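Got a predicted model here, sequence first, then my questions.
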Amino acid sequence: MPAEEEHHLPEEIDARAEQTLFSATRHHVWEAGLIQLDTLEQVIQAGQEQIVVTQALRQVVTATSMGRWCRRGRPLTKWPPNVLGATYAGDS
């Protein structure tokens with residue numbers, strides 16, 4: 001038969017010290033969870049803000065692209081910074 005391993009255990013277990021360690025461990029795990037939750041909420045909020053910005057930019061691109069191709073039903077020959085002074089195909 002194989003020899004049994006010897007385990008060196010303390011003769012007495014200090015229940016108060018063990019309870020203190022468990023309590024401290026739970027507290028640290030709880031704090032770490034709160035920090036993680038806060039970080040995830042910040043990431044989600046940043047993502048939502050990016051989505052809003054992206055949607056706004058898409059609306060701007062769509063509006064300016066549609067305006068460029070649909071003014072008077074004819075394409076623009078050039079796209080100046082001042083839209084009111086735009087030149088259209090067929091205009092002199």
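Ah, there it is. Small disclaimer: the values here were computed from a predicted structure and weren't measured.

Which pLDDT does the model give residue 20?
Per-residue pLDDT puts residue 20 at 92.

What distance do you get for it to residue 32?
19 Å (C-beta to C-beta, to the nearest Å). All C-beta atoms are positioned from the backbone trio N, CA, C, and that covers glycine.

Which strand or helix spans residue 11?
Remark: residue 11 resides in no helix or strand, with elements defined by DSSP states H and E.

and it, how many neighbours does it have?
4 (other C-beta atoms under 10 Å).

show me the contacts for it.
When contacts are counted by C-beta atoms under 8 Å, 6 or more residues apart in numbering, residue 11 touches no other residue.

any idea how far residue 20 is from it?
Distance from residue 11 to residue 20, counting by C-beta to C-beta: 20 Å.

swap in residue 38?
Distance, residue 38 to residue 20, by C-beta to C-beta: 27 Å.

got it, and residue 35?
According to C-beta to C-beta, residue 35 stands 23 Å off from residue 20.

I'd guess residue 6 is in a helix, am I close?
No - assigned with DSSP: H, G, I helix; E, B strand; the rest coil, residue 6 falls outside any helix and is coil.

Ramachandran coordinates for it?
phi -90, psi 130 (degrees, to the nearest 10).

can you check residue 8 too?
Phi and psi for residue 8, reported as degrees, to the nearest 10, are phi -100, psi 100.

Strands of this protein, start to end?
In the chain, the segments counted as strands under DSSP state E are 76-78, 87-88.

Mind checking the pLDDT average for the shortest one?
I take that to be strand 87-88. In the prediction, strand 87-88 has an average pLDDT of 52.

just the longest one next, same as before
Averaged across strand 76-78, the pLDDT comes to 53.
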